[in-house]
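Engineer: Take a look and give me a structure for this.
(chains A and B)
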Protein chains: 2
Amino acid sequence: MSQNIYLSNMELKDAIAVFMDKLGKLHLQKETIKTWDGVDRVTVSPIYSKISSPHYNASAMDGIATFSEKTFEASDRNQVVLEEGKDYVVVDTGDPIPSEFDCVIMIEDLIKVDENKVKIYKSAIPWQNIRPIGEDIIENQLIIPSNHKVRPVDIGAMLAGSVNDIEVYKKPIVAVIPTGTELVEPGTDLKVGDIIDFNSRVFSSQVNQWGGEAKRFDIVKDNYDEIKETLIKASKECDIILINAGSSAGREDFTSKVIEELGEVIVHGVAIKPGKPVILGIINDKPVIGIPGYPVSAYFIMELIVKGLINLYQGLEEKDLKTVTAILSKRVMSSLKYLEFIRVKLGYVGDKLIATPLTRGAGATMSLVRADGILEVSQNIEGLEAGSEVNIKLLKEEEEIKNTIVCIGSHDPIIDVLSDLIHIKNKKYYLSSAHVGSMGGIMALKSGETHIAPIHLLDMDTGEYNKSYIEKYLKDKNIALIKGVKRIQGFMVSKDNPLQIKDFKDLVDKKVRFINRQRGSGTRLLLDYNLKNLNINPRDIMGYDREEFTHLSVAGAVASGNADVGLGVYSAAVMMGLDFIPVCNEEYDIAIPKEYLQMDIVTELIKVLTSKEFKDELDKLGGYDYSDTGTILE
Amino acid sequence: MSQNIYLSNMELKDAIAVFMDKLGKLHLQKETIKTWDGVDRVTVSPIYSKISSPHYNASAMDGIATFSEKTFEASDRNQVVLEEGKDYVVVDTGDPIPSEFDCVIMIEDLIKVDENKVKIYKSAIPWQNIRPIGEDIIENQLIIPSNHKVRPVDIGAMLAGSVNDIEVYKKPIVAVIPTGTELVEPGTDLKVGDIIDFNSRVFSSQVNQWGGEAKRFDIVKDNYDEIKETLIKASKECDIILINAGSSAGREDFTSKVIEELGEVIVHGVAIKPGKPVILGIINDKPVIGIPGYPVSAYFIMELIVKGLINLYQGLEEKDLKTVTAILSKRVMSSLKYLEFIRVKLGYVGDKLIATPLTRGAGATMSLVRADGILEVSQNIEGLEAGSEVNIKLLKEEEEIKNTIVCIGSHDPIIDVLSDLIHIKNKKYYLSSAHVGSMGGIMALKSGETHIAPIHLLDMDTGEYNKSYIEKYLKDKNIALIKGVKRIQGFMVSKDNPLQIKDFKDLVDKKVRFINRQRGSGTRLLLDYNLKNLNINPRDIMGYDREEFTHLSVAGAVASGNADVGLGVYSAAVMMGLDFIPVCNEEYDIAIPKEYLQMDIVTELIKVLTSKEFKDELDKLGGYDYSDTGTILE
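Structural biologist: Just a heads-up that it's a prediction; the model follows:
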């Protein structure tokens, strides 16, 4: 093992400052393009018109051009007759005004006498309805300034001013180099250990979206000479170089050594999380950024460092994301070693904006997909308590967040179906769900952090579902219950049930590897209820402590062979191609504060619940009874 | 004249409703594309993962994979030695974990003993630092819903889930057909009556920016058969058809007749201004929009009708522009016949957002370039008083408006230079100017509508500039004066002064065509002051009533031959290639409330005023003395 495991821990802003300082004056490229191709490009210098617009005295109306002095006498009672050729010519909007005439009367104010005579009933004043030369734009007038991002309306004004070519900053060509012997192209038949290279595709999309021109290189193996050759080529052909992976201190990480050989490593390691092991270097006067391999780390390096650089090359000011104030729904711990970036879900519940932290793993691409905003926890803070007021940088439009129904509680695959259908029915509505189990949902309702909470909580005394929990925990909240579905819970096992698992006792007796749901989930309660009834000690079940948050994750663990059995719903077993041994039927309902029943988006939700499309989807999933779905129990 | 001058005056929302109803179900096109090309495209159906990610149990760290039970005894005082091959294998981040091992210890927690032995000083728990199969994404999990606009992070998650192709809505192909015998391509040598076709270029940019695919047709002459042929072709090849001009009731306007012959005209004329004479029709099941020729009318039809249609084809919900509340700085009159759209400049002065209406002419492309927002005046309102609170739809980022210094007052070409330089020096700053004359500037300061007011006001008693006006009109405002420039005012005449104009008396004596500045401008005061001294009756000057708002406009009128002489500054004469007869020197200064002197943007402004770059630009313009520019008189 010949690793260099020591990275620096420089503050982000210092790292960027040192890097920019070393880079010095960037060699911004310029190019001249046709004005009509200019949208979203940035001007190098101010643009002045070359001609006036209009460039001749033009009629502003459809009508006739005439002599104002011949109209002075005209009135309702003294209509004046004008003769074509002698007194007027017919003009359309935009037609030139022959120099002898000095006004235009519009067609609506003319009474036709015959083919070449009209009557008028009011007088005209000089220059009326004439657009004089330069009315809109005067020759040599400033149309748009330097460093201006060209919009379609600017193109109109420039062409009107006969500016047909403009000088703009050239889009920086950005090399995107994926490295790693384990990387394979999307679509390759996967072997164990293969990693699909999607980072380079994400980077390329980001670069193009930010106005750069991505040039993706083929995957480079972890081989010093291959990496070196590629970096030499990229530093000749491109303006900015992004090299992915190989930036941490692992044993095959050559990136920093190659950059050091070909140029200079300015910074290796920044005090942020995720994103710490970034490399900022220079080869051939070009900035080289070594981007960590984990997708979430990579995302933040792209956003925090690369985006600014691409803006600079285009002459653009970087725009900060919009910041809003929100209430943190869960406690967040953070390290004193790093400025930490935490992805959150957002939802307006009542008049409070609630921020719920998402999974923090650096490999969690889905947490980026789900995130509505970013919470920054500064380096000097150890953590933030639930209920704290925090600043969140928005990743979505505020409007979209306002039109999102927040769903926190138990998970069932039908929540995904609901989320999809509500948005299809009305494109402005969204459903966003967090899976924290039934009791988590009850608590979220209690603290006002969610609109709705899907729950399936078995009352061990009465055998009834949900109602008694609402009475016990949410007495003061005035909660209604929207009936959801009846569903089958059972054991999920591999095809043909190779270990012949039949009941809860088998979990201990057959020494199988179990995979559990998290504390507070209805499924966990169901398990514990049965274990208690059967006098089974949970400690005797191998894997009782391995917790997953959704039915699908449990099914996934069984399907992948990481576990032999788990408890969950029928639909999840079917989706993952597993066998299913039914244990019981249960009621999966939606708890909601009565005051929210009037919200438009809730009305829409109930419409979806009772729709044919929803029932069709349930039938496809299987294992659901929807006889009273959508009924409201107040 | 065979015109059809009667258009309907249907309300906008009714017109759109009728049109959409007649169009019926749109035939949205779908296509399958590579996932990595998907950015900004909209999904047709929900996207589910095809594989789990990771698809094998993977190391989350660089380190060793080992047996957790062999580590249980390890502590600081009882370091445990592990042997490669027997107890562990070395793994990098992402490497598969051989199935016999159940945990990973990271490299930072290892002490190297020799080439194949390490010591550990704390125990490991099962599954530590292992990313189990499906940790990020589980097979068959929903990644993104239907009708979702794909972002780079979505591409990452989809590729990780082995979704390499996605079905998205096809970008609608939008025909852009310019019509008009008077139209010429940009770059053509212009003859009187020629109009540069820039509308079709603006439409194309808009269509592409909104996600459509513009297909611009060549200019079509005003010829029934040519228009007919083009519309037939477009209705076969494209999804939406935009045909420009020919939508009003002028004598060569065939559009509505051709649409009627080939299909159906649904609406002709909508109660909005600008934009009234729009045509909404259908040919071959495709929507056809006849767009008025005036650029501002066209702009609103594109924004109000076409944008929504393009969104629909892509499965996108139209996003409303952000609305802010502002104080109207000038009275606005409006017609009871129309819903009226008025372009405004916006500026934060103190804590008030001030909206100043811009030129309302339909041909004013520059008013679109300058506009920061749109004021809608509903059909039932006759006008709005100055000082009214109004809702403005934003065309720019609020942040940009907050970083804009508002400059209302007298015009000089150096204001354009200032505006450009301040933005170059600091890309986040902007200067926005309205030209209402010196007295207008004084009034804007009085009502708190501007940060700064450039003025040049001659005290007829003392011969001094500016000071006495501030004392008289702005006594209670605590105003400072930033010294601007000394500049030469004089007569602007054609090259070689063909009419031999030498002084004010010649304006009457030589019966020349004069072009004046507006009431309240310092230049107008200068004229009136001289006329009074010389006992000249303004009524005896031909053109005394023709008012322009800037020096450049006056120079432009002379240069174009629309006038023989005007009064203005030297630099404007030079820019328009005119001769100049000096009349006097005057002081052009900047009045500013003292409280604003501390604003960052004002500090920046003064830096620019005293910079070498600014003085270089003044030298280029000519006629300026900058010996005390930037000095502050409090």
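Engineer: For the helix or strand hosting A:Arg487, give the mean pLDDT please.
Structural biologist: Using DSSP states H and E, A:Arg487 sits within strand A:479-493. Across strand A:479-493, pLDDT averages out at 95.
Engineer: Stretch A:268-285 too?
Structural biologist: pLDDT averaged over stretch A:268-285 gives 94.
Engineer: May I have it exported as PDB, CA atoms only?
Structural biologist: Extracted in PDB, the C-alpha atoms of stretch A:268-285 (Å, rounded to 0.1, in the frame of the first residue of the first chain):
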ATOM      1  CA  HIS A 268      -5.600  19.100  -2.500                       C
ATOM      2  CA  GLY A 269      -8.300  18.800   0.100                       C
ATOM      3  CA  VAL A 270     -10.900  21.400   1.100                       C
ATOM      4  CA  ALA A 271     -12.800  21.600   4.500                       C
ATOM      5  CA  ILE A 272     -16.200  20.800   3.000                       C
ATOM      6  CA  LYS A 273     -18.400  17.700   3.200                       C
ATOM      7  CA  PRO A 274     -19.200  16.200   0.900                       C
ATOM      8  CA  GLY A 275     -16.400  17.200  -1.600                       C
ATOM      9  CA  LYS A 276     -13.300  17.200   0.700                       C
ATOM     10  CA  PRO A 277     -10.700  15.400  -1.500                       C
ATOM     11  CA  VAL A 278     -10.900  17.800  -4.500                       C
ATOM     12  CA  ILE A 279      -7.800  18.700  -6.400                       C
ATOM     13  CA  LEU A 280      -7.300  22.200  -7.800                       C
ATOM     14  CA  GLY A 281      -4.400  22.300 -10.200                       C
ATOM     15  CA  ILE A 282      -3.000  24.000 -13.300                       C
ATOM     16  CA  ILE A 283      -1.500  22.500 -16.400                       C
ATOM     17  CA  ASN A 284      -0.500  24.600 -19.400                       C
ATOM     18  CA  ASP A 285      -2.200  27.700 -17.800                       C
END
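Engineer: List the buried residues of that stretch.
Structural biologist: By neighbour count on 16 or more other CB atoms under 10 Å in any protein chain shown, the buried set for stretch A:268-285 is A:268-283. In short, each C-beta sits where N, CA and C put it, glycine included.
Engineer: Return the distance of the helix or strand where A:Val296 lies from the chain's centre.
Structural biologist: Using DSSP H and E, A:Val296 falls within helix A:295-301. Here helix A:295-301 is found 14 Å from its chain centre; the criterion is CA atoms, centre = their mean, to the nearest Å.
Engineer: Check stretch A:205-216 too.
Structural biologist: 17 Å.
Engineer: and for it, what are the contacting residues?
Structural biologist: A:40, A:171-176, A:178, A:200-201, A:203-204, A:237-238, A:240, A:242, A:302, A:306-307, A:310-311, A:313-314, A:316, B:36, B:39-40, B:151-152, B:155 (CB atoms under 8 Å, 6 or more residues apart in numbering or on different chains).
Engineer: likewise stretch A:415-432?
Structural biologist: Taking CB under 8 Å, 6+ apart as the rule, stretch A:415-432 contacts A:345, A:347, A:370, A:372, A:400, A:403-407, A:433, A:454, A:601, A:604-605, A:607-609, A:611, A:613-614, A:617-618, A:621, B:46, B:142, B:145-148, B:315-317.
Engineer: Could you list the alpha-carbon positions for the helix holding A:Val296 in CSV?
Structural biologist: The C-alpha trace of helix A:295-301 is given here as CSV (Å, rounded to 0.1, in the frame of the first residue of the first chain):
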residue,chain,number,x,y,z
PRO,A,295,-21.7,11.5,-7.0
VAL,A,296,-22.8,13.7,-4.2
SER,A,297,-19.3,15.0,-3.5
ALA,A,298,-18.9,15.5,-7.3
TYR,A,299,-22.1,17.5,-7.4
PHE,A,300,-21.0,19.9,-4.8
ILE,A,301,-17.6,20.5,-6.3
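Engineer: can you tell if it touches chain B?
Structural biologist: Yes. Helix A:295-301 comes into contact with chain B (CB under 8 Å from any CB of the partner chain), by way of A:Pro295, A:Tyr299.
Engineer: just how off-centre is stretch A:272-283 within its chain?
Structural biologist: Distance, centroid of stretch A:272-283 to centroid of chain: 24 Å (CA atoms, centre = their mean).
Engineer: Just checking that stretch against chain B, any contact.
Structural biologist: No. Judged by CB under 8 Å from any CB, stretch A:272-283 makes no contact with chain B; its nearest approach is 10.3 Å.
Engineer: where does A:Ile51 land on pLDDT?
Structural biologist: A:Ile51 carries a pLDDT value of 93.
Engineer: From the contacts of stretch A:415-432, list just the buried residues.
Structural biologist: A:345, A:347, A:370, A:372, A:400, A:403-407, A:433, A:454, A:601, A:604-605, A:608-609, A:614, A:617-618, A:621, B:46, B:142, B:145-148, B:315-317.
Engineer: State the mean pLDDT of the helix or strand hosting A:Ile422.
Structural biologist: Here A:Ile422 sits within helix A:413-425, counting by DSSP H and E. Helix A:413-425 shows a mean pLDDT of 90.
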